[in-house]
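# coords below, sequence missing:
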Ligand code: ADP
């Protein structure tokens, strides 16, 4: 069932219940009032007839005639007068005699002074009446025809008004809920048209700060984020295929060329060396991509433990120099450390090693001397690592882009690469809740500053 229908039914049901309670209270109070008023009327009639009988000395025949005449048109009250010893003094109509008075009834009236009760639909009242110091018992009974007709009319009116109100309420409820849900229906229709091919579409938002407009704005913001990440995914995939295609095309071309005619051993050697170089590039790219994927894992899936930064730096230096014997890397400690804690952080050894290798390699490959240096400063809360080279530097306009995946600066002609290294390094440092920044100068070279904190218990905290 749609929320709109559910709300309309709920609204109608609640209002109907309130109306029902309201009408019931009115009907009950009208019923009680009728009963009270009629007993009061009976009492008045009983006293009047007794006054006529005792004080005015109107004779019984006349009183009975009045009763019989009035009875034709009105619901005349039937009155009887008894002595306290159950002796009948007067009766409006002995032949009709609705209230069959008995001795116990007379005694009860004498005892209580007044009683009221129903006899079928007739209301009966019995009272004590005093005349010349003597007590008499007067009973009066009548059927409140007008009162019941009035009550029935009120009931009918209530039922009709109730039914009409329910119908009206349902229609009004439907109308307003339709109006209230119109923007949501529009949003749903629009959202149905948004797919991967037209992620640029946005939901309509108005100026008002209502909940629906807020929902549309939030949804649009989510679409912005989705569009951005979708675009960068597309960009990433096309960059990867481009990076893969270049060495692959080179390998294919090289091998095809070598098969065109018979060649000597030296020529084959050159072909093999060239293809080996391209294959290494491919292997490096695939390793970088693998590391990139690892750094993008859910942080809770990456193992963190206390690791010594000096050991990781030494390890990284060894690996870089092993694969590039011409590279020269120096590690310099600004101050001595007294305990392990000062040189340790909570981190992932493998990923930090990858980050340091990238920074060492970049420093060496972008400088003529193939030299790179890291200065380690130990502070109370953090370890500061400055990766310094006296190389060609990074152009001002490249500085803000170098951490983007696959971005290579204008100086890329100087050295081979795939543009993943720095973005991967930044991801790793951020994963460790650290910071990385860069300053560069054409003359003096480049400094990458990495700050890693001791206090980080777990990078995902
Ligand atoms: P790659 O080194 O494979 O090109 P990176 O992501 O490691 O990719 O670096 C991105 C770009 O940043 C490089 O292409 C280069 O332009 C610039 N860069 C990085 N480190 C240095 C450095 N030490 N000296 C000069 N330029 C650098």
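Yep, that arrived. These figures come from a predicted structure and were not determined experimentally.
# Any idea which helix or strand in the protein has the lowest mean pLDDT?
helix 60-73 (a mean of 84; mean pLDDT, DSSP states H and E).
# Output the contacting helices and strands for it.
Judged by 3 or more Cβ pairs under 8 Å, 6 or more residues apart in numbering; DSSP states H and E, helix 60-73 is in contact with helix 3-54, strand 88-91. For the C-beta atoms, the positions are set from N, CA and C on the backbone; glycine is no exception.
# want to throw the ones you listed into CSV with mean neighbour count, distance to the ligand and mean pLDDT?
Below are the helices and strands packed on helix 60-73 laid out as CSV (neighbours: other Cβ atoms under 10 Å; distance: least, Cβ to the nearest ligand atom, whole Å; pLDDT from 0 to 100):
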stretch, mean neighbour count, distance to the ligand, mean pLDDT
helix 3-54, 15, 51, 93
strand 88-91, 17, 121, 93
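# any chance of those in a markdown table, with distance to residue 232 too?
Output for these, formatted as a markdown table (distance: least, Cβ to Cβ, whole Å):
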| stretch | distance to residue 232 |
| --- | --- |
| helix 3-54 | 37 |
| strand 88-91 | 108 |
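# I'd like the average pLDDT over the next helix or strand after the least confident helix or strand of the chain.
The element immediately downstream of helix 60-73 (helix or strand, assigned by DSSP states H and E) is strand 78-83. Across strand 78-83, pLDDT averages out at 94.
# for strand 78-83, packing partners?
Going by 3+ Cβ pairs under 8 Å, 6+ apart, strand 78-83 lies up against helix 3-54, strand 88-91, strand 134-142.
# How about the residues of the chain by the ligand?
Applying Cβ under 6 Å from any ligand atom, we find that the chain lies next to the ligand at 358, 362-363, 366, 389, 391-394, 398, 402, 407-409, 411-412, 417-423, 446.
# and those residues, which are buried?
358, 362-363, 366, 389, 391-394, 398, 402, 407-409, 411, 417-423, 446 (16 or more other Cβ atoms under 10 Å).
# now the helices for the stretch 251-400 of the chain?
Remark: helices assigned in the stretch 251-400 of the chain by DSSP state H, counting those that start in this stretch are 265-295, 309-323, 340-343, 349-365, 396-399.
# Show me where the protein dips below the pLDDT cut-off.
The model of the chain has pLDDT under 70 over residues 72-74, 297-298, 456-461.
# go again using 80 as the cut-off
For the chain, the stretches with pLDDT under 80 are 1, 71-75, 95-96, 206-209, 232, 239, 292, 294-302, 455-461.
# How is it divided into domains?
Using automatic domain parsing, the domain parsing of the chain gives 3-150, 220-292, 297-460.
# Please identify the most buried of these.
Neighbour counts (mean count of other Cβ atoms under 10 Å) averaged over each of the domains of the chain peak at domain 297-460, with a mean of 17.
# still on that earlier bit, now distance to residue 15 too, for the helices of the stretch 251-400 of the chain, in CSV please.
Formatted as CSV, those follow (distance: least, Cβ to Cβ, whole Å):
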stretch, distance to residue 15
helix 265-295, 60
helix 309-323, 72
helix 340-343, 71
helix 349-365, 64
helix 396-399, 67
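# what about residue 404, which SS state?
Following DSSP: H, G, I helix; E, B strand; the rest coil, the label given to residue 404 is coil.
# Quick check: residue 384 touching residue 376?
Yes - contact criterion Cβ atoms under 8 Å: residue 384 and residue 376 qualify, at 7.5 Å.
# what sits against residue 223?
For residue 223, the contact set (Cβ atoms under 8 Å, 6 or more residues apart in numbering) comprises 194, 199, 201-203.
# May I ask you to confirm that it belongs to a strand?
No - counting by three-state DSSP, residue 223 is not part of a strand but helix.
# That one and the ligand, how far apart?
Residue 223 sits 30 Å away from the ligand, going by Cβ to the nearest ligand atom, to the nearest Å.
# Check the secondary structure at residue 436 for me.
strand.
# ok, what's across the strand from it?
When assigned by DSSP bridges, residue 436 has beta-bridge partners residue 450.
# what about it, distance to the ligand?
11 Å.
# what's the closest residue to the ligand within the stretch 151-300 of the chain in contact with, if anything?
Per Cβ to the nearest ligand atom, residue 288 is where the stretch 151-300 of the chain lies closest to the ligand, at 8.2 Å. Counting by Cβ under 8 Å, 6+ apart, residue 288 touches 418, 420-421, 424.
# so which of these comes closest to the ligand?
Checking these against the ligand with Cβ to the nearest ligand atom, the nearest one is residue 421 at 2.7 Å.
# these two touch, right, the closest one and residue 361?
Yes - counting by Cβ under 8 Å, residue 361 is a contact partner of residue 421 at 7.1 Å.
# Could you identify which of the contacts of residue 223 has the most neighbours?
residue 203 (21 neighbours; other Cβ atoms under 10 Å).
# part of a helix, is it?
No - looking at residue 203 with three-state DSSP, it is coil, so not inside a helix.
# That one contacts residue 219, correct?
Yes - counting by Cβ under 8 Å, residue 203 sits close enough to residue 219 to count as a contact (5.5 Å).
# Residue 257 and residue 270: what is the separation?
11 Å (Cβ to Cβ, to the nearest Å).
# Next: residue 418.
Applying Cβ to Cβ to residue 418 and residue 270 gives a distance of 24 Å.
# Please name the residues that touch residue 226.
The contact partners of residue 226, by Cβ under 8 Å, 6+ apart, come to residue 199.
# what about it, distance to residue 279?
Separation of residue 226 from residue 279 (Cβ to Cβ) stands at 37 Å.
# again, but for residue 287
Taking Cβ to Cβ, one finds residue 287 at 13 Å from residue 279.
# Residue 389 too?
In terms of Cβ to Cβ, residue 389 sits 28 Å off from residue 279.
# Residue 12 now?
The gap separating residue 12 from residue 279 is 76 Å, by Cβ to Cβ.
# so residue 118, which of the three states?
Strictly by three-state DSSP, residue 118 counts as strand.
# three-state assignment of the nearest residue to it once chain neighbours are set aside?
Of all residues not flanking residue 118 in the chain, residue 124 sits nearest, at 7.1 Å (Cβ to Cβ, 6 or more residues apart in numbering). The three-state label given to residue 124 by three-state DSSP is strand.
# For residue 124, give me its contacts.
42, 98-99, 116-118, 139-141.
# if you set the cut-off to 10 Å instead, what comes out?
If you count contacts by Cβ atoms under 10 Å, 6 or more residues apart in numbering, residue 124 has them with 39, 42, 78, 98-99, 101, 105, 115-118, 139-142.
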